[in-house]
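Asker: kindly return the folded structure for what I paste below:
(chains A and B)
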Amino acid sequence: MTARIGVVTFPGSLDDGDAARAIRYAGGEPVALWHRDPDDGRVDAVVLPGGFSYGDYLRCGAIARFSPVMETVIDRARGGLPVLGICNGFQVLCESHLLPGALTRNDHQHFVCRDQRLRIENAASAWTSAYELGEEIVIPIKNGEGRYVAESETLARLEGDGLVVARYSGDNPNGSANDIAGIANEAGNVVGLMPHPEHAVDPLTGPSADGLGFFASVLKRLAVL
Amino acid sequence: MIDTVAHAGETPDLVQPFADLGLADDEYARIRKILGRRPTGCELAMYSVMWSEHCSYKSSKVHLRQFATMAPASDALLVGIGENAGVVDIGDGYAATFKIESHNHPSFVEPYQGAATGVGGIVRDILSMGARPVAILDPLRFGPADAADTRRVLPGVVAGIGGYGNCLGLPTIGGEVVFDPSYSGNPLVNALCVGVLRKDAIKLARATGPGNKVILYGAKTGRDGIGGVSVLASATFNNATGDATKKPTVQVGDPFLEKVLIECSLELFERGLVVGIQDLGGAGLSCATTELASAGSGGMHIELDRVPLRAASMQPAEVLTSESQERMCAIVAPGDVEEFCTVCEKWDVDAAVIGEVTEVGPEEAARGGRLVVTWHGEVVVDVPPRTVAHEGPVYERPYARPAIQDLLEADVPDRLPRPSTAAELRSTLLELAASPNLCSKEWVTAQYDRYVRGNTVLAQPEDAGVFRVDESTGLGVAVATDGNGRYTRLDPFTGAQLALAEAYRNVAVSGARPIAVTNCLNFGSPEDPEVMWQFAEAVRGLAAGCRDLRVPVTGGNVSFYNQTGEAAILPTPVVGVLGVLDDVSKRTPIGFRGDGHAIYLLGETLDEFGGSEWAHTVHGHLGGQPPRVNLAAERALAGLLIDASRDGLLASAHDLSDGGLAQALVESCLRGGIGCRIALPGDLDPFVALFSESAARAIVTVPADQVQRLVDHSVRHGVAAARLGEVGGPALAVVGHFAVPLDELRAAHEATLPALFAG
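Answerer: Next up, the predicted model:
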């Protein structure tokens, strides 16, 4: 049976369609989750897509965490449900305290959209196991508030425990601490990623198909479970 | 006290401030004649905004008719000029709708909000056709790149476009960034939006069916943007500092609200809950109600006090003319109102029934219908809506060829010193590649999301933006915008045709078949006969060009009064062309791709430097004649490019325009990350071969084993094809003259804008 992967749509979500397409290309079945409906356990994993949930008025991701769907997702993530937060989704995961740290305004103050080289630093998480450790991939990055920051003890712990899943290779596009592009929780089921793997699933419409690995990883993980 | 219709009847001699609202004496007299009494304050406000140049096209109408009278026959055209946007059939049951608009004056006064709401407005126009907006292009023009005010305006405009478009989830896939001193006091911020829909699902702005409800949904109405179309858009700036007194007339945008408004509207359309729809843009409710009513059954009753307000103290005239953003007006059958409101609740969008469509008698219909607006039960407006929306004044403004035109034409570029040695040619190539107009625009375009929706196949710096419409078939659409104010200054008829030809060529270069045209005509004051001559000539040229290229104009926008004091901008018709690709996987990119691929120059090169980028950048010169137009040659070239793309033999193709062959080679090398070795045609002066801006040309590359097929195609289409050399190596090498390593080229091309605007 194909794994069912939920894609949450908040008001202001923008990349939900792209995330669903990426799941489909990887061989999974995308399931649309509406922000007002609690997840009733219909899905085997969840993607929180990019966008500007609820307009990002207060702080990126700050309101989305209180939505009915997130209450259940947060709960299930603590129990091991694989969750990938991309861009705004990463911000939601930080606001939800499923991941440490925060995403702040880019150091150069501008929104930036470009093809970005990343190095996979952890090939054991639920969302990165299809990659080789140290593998370099190119996927788009696009954000105005993508600079990852955390207290120095947190950074030390992330580095020490191998929880940095991807690092910017070459130029750091936003001033992120330690060139961090993505991190995982200790259990490895929750991953936050600033760049957009869902925009790199077909060389026709993206810089590469390198992003498919994130979705293939979770399908592999779910097949094993 | 509210100025009611009854009160207006009792006080015929009350002095009204019509001139402050932008109305002329005879226009005011005409309103009194139509109504048979003086207008109420609300009516005066409505007429003043709707009869503004921006809304009524009163100075341009007599010329724009040529787009219809000279229109070529088209199988593709589904909805033409006059609606919110034109719609064309793109095959497989799909239709595309697109339109370009200006937001020039607001963007000068308040760059971020002006540009942001420009995007928002054109997106709602596309939405109101029943389409999902899917892509944006932004043609922009600013004063000199190194001018202090450009440093104020450009970063704000770019951030505003990005801030709004990115939040809507719409990829920005093309546009232009051009600098010229004439735009110093008046930047041009044009925005084009493309939408896609099923061709049987087109929506129109018609209030039909007496008894149907009028629903206003989206943002609440506030005091922003009052008089935006009249005192801001339809008047000349008096000083060069952005006229701070006009700031309150600029609207403030909320892209998040627009995003949910889009999704909410699409769900309403999908459920069949909408009889007619109109977005609220310039002139706000005055425009939406009068246009809906006059294009529909003719009658409407609006209870204005039901409009949800941001400020309780707003007066009815303010409510009628507010240009608050992110609002739509729908006509809904009474039985569907409940479901309509349920959908709005789902998206947290406010909706209010503000009135209904009413019956009109034959006599009223003959007068232009009847729109009655009440405010807490008192009648404040009672007008024939057609007289407001469609029967505004029409002017045959005097026009005259400027006396200086002869001098300008006589000032040919032939006398300018030309580079001749290898070293001079090399440094000219680098100087142009680094010039503000030809340098990399990455600093700007990196601030726009080009990936969202996952259907972008080509985006800037490609010649055309291309997006996929149907994932299963590969059906797609290409769009390009072009315009050249210098060419148009030298010869408005030819300049407008060159803009059309370039956009048409850019679409064909991508492999798409051009099928439709939109335009944004940016000019100075129509009250200046010399500006009016430029306008009349440009429209005549564009209409004739569209006829000859067999692509109809489907809509567009006129922006007059682009001047500060006496100095008008360069006349700048910006032309957008839309084309269809049956299979986007066959699209042709501009970058060189394969070592050893043969490079061919298609088309003929003449000694043409009037209005050229070389004359402008190197000599600060503008004179002579622009390049010749040969639309038959453009059609032949396009035919070749489309056929060769469909046959899959082109590795790359790039149109030749500003900066000529040299600039095209620079861009193809840098885009592909690979060099080239070329020899210049022996019969041409090397300078002419490299930098002439002759139209109807492109460079293409093909794998070595496809050369014969390309030659066959060129013979069949009657296009001259000359082999220039091969792709490969670490440099752009012109054999016998010079070579420039790609690293040096890239540094020159990419450093300019960051040095001027970063930080």
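Asker: alpha carbons only for contacts and neighbour counts from here, please
Answerer: OK.
Asker: show me where pLDDT drops low in the chain?
Answerer: Assuming you mean chain A. A:1, A:58, A:225 (pLDDT under 70).
Asker: hmm, no, I was thinking of chain B.
Answerer: Counting by pLDDT under 70, chain B has low-confidence residues at B:227-249, B:759.
Asker: what residues does it put near chain A?
Answerer: Counting by Cα under 8 Å from any Cα of the partner chain, chain B comes close to chain A at B:159, B:162, B:167-169, B:255-257, B:259-260, B:347, B:446-458, B:585, B:759.
Asker: buried ones among these?
Answerer: B:159, B:162, B:167-169, B:255-257, B:259-260, B:347, B:446-458, B:585 (16 or more other Cα atoms under 10 Å in any protein chain shown).
Asker: okay, now B:Arg310: neighbour count?
Answerer: Residues lying near B:Arg310 (other Cα atoms under 10 Å in any protein chain shown) number 13.
Asker: look up phi and psi at it.
Answerer: Backbone torsions of B:Arg310, given as degrees, to the nearest 10, read phi -80, psi -30.
Asker: make sure it is actually in contact with B:Lys220.
Answerer: Yes. With contacts counted by Cα atoms under 8 Å, B:Arg310 reaches B:Lys220, the gap being 5.8 Å.
Asker: quick revisit: so of the residues of chain B next to chain A, which ones are in helices?
Answerer: Per DSSP state H, helices hold the following members of these: B:159, B:162, B:167-168, B:255-257, B:259-260.
Asker: quick one: which of those residues is nearest to chain A?
Answerer: Nearest to chain A among these is B:Phe256, at 4.9 Å by Cα to the nearest Cα.
Asker: chain neighbours aside, what residue packs nearest to the closest one?
Answerer: A:Gly55 (4.9 Å; Cα to Cα, 6 or more residues apart in numbering or on different chains).
Asker: show me what the longest helix anywhere in chain A is packed against.
Answerer: Longest helix in chain A, counting residues (DSSP H): helix A:212-224. Applying 3 or more Cα pairs under 8 Å, 6 or more residues apart in numbering or on different chains; DSSP states H and E, one finds that helix A:212-224 makes contact with helix A:16-26.
Asker: quick revisit: the inter-axis angle of the longest helix of chain A versus helix A:16-26?
Answerer: 60 degrees (axes from the mean of the first three to the mean of the last three Cα atoms, to 10 degrees).
Asker: which parts of helix A:212-224 are buried?
Answerer: A:212-219, A:221-222.
Asker: and A:Arg76, that one's in a helix?
Answerer: Yes. With DSSP: H, G, I helix; E, B strand; the rest coil as the criterion, A:Arg76 is part of a helix.
Asker: only C-alpha atoms, please: export the helix or strand containing B:Val517 in CSV.
Answerer: Per DSSP states H and E: B:Val517 is located in strand B:513-522. Coordinates of each C-alpha in strand B:513-522 appear next as CSV, following Å, rounded to 0.1, in the frame of the first residue of the first chain:
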residue,chain,number,x,y,z
ARG,B,513,3.6,30.2,-31.5
PRO,B,514,2.6,33.9,-30.8
ILE,B,515,-1.2,34.3,-30.7
ALA,B,516,-2.1,37.5,-28.8
VAL,B,517,-0.9,40.9,-27.8
THR,B,518,-1.4,43.2,-24.8
ASN,B,519,0.1,46.6,-24.4
CYS,B,520,0.8,49.3,-21.9
LEU,B,521,1.2,52.7,-23.6
ASN,B,522,3.3,55.0,-21.3
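Asker: for it, name the packing helices and strands.
Answerer: Where contact means 3+ Cα pairs under 8 Å, 6+ apart, strand B:513-522 is packed against strand B:94-102, helix B:492-509, strand B:553-559, strand B:572-581.
Asker: all helices for the stretch 151-300 of chain B, in order.
Answerer: B:255-270, B:284-295 (DSSP state H, counting those that start in this stretch).
Asker: comparing those helices, which comes out most buried?
Answerer: Highest mean neighbour count of those: helix B:284-295, a mean of 26 (counted as mean count of other Cα atoms under 10 Å in any protein chain shown).
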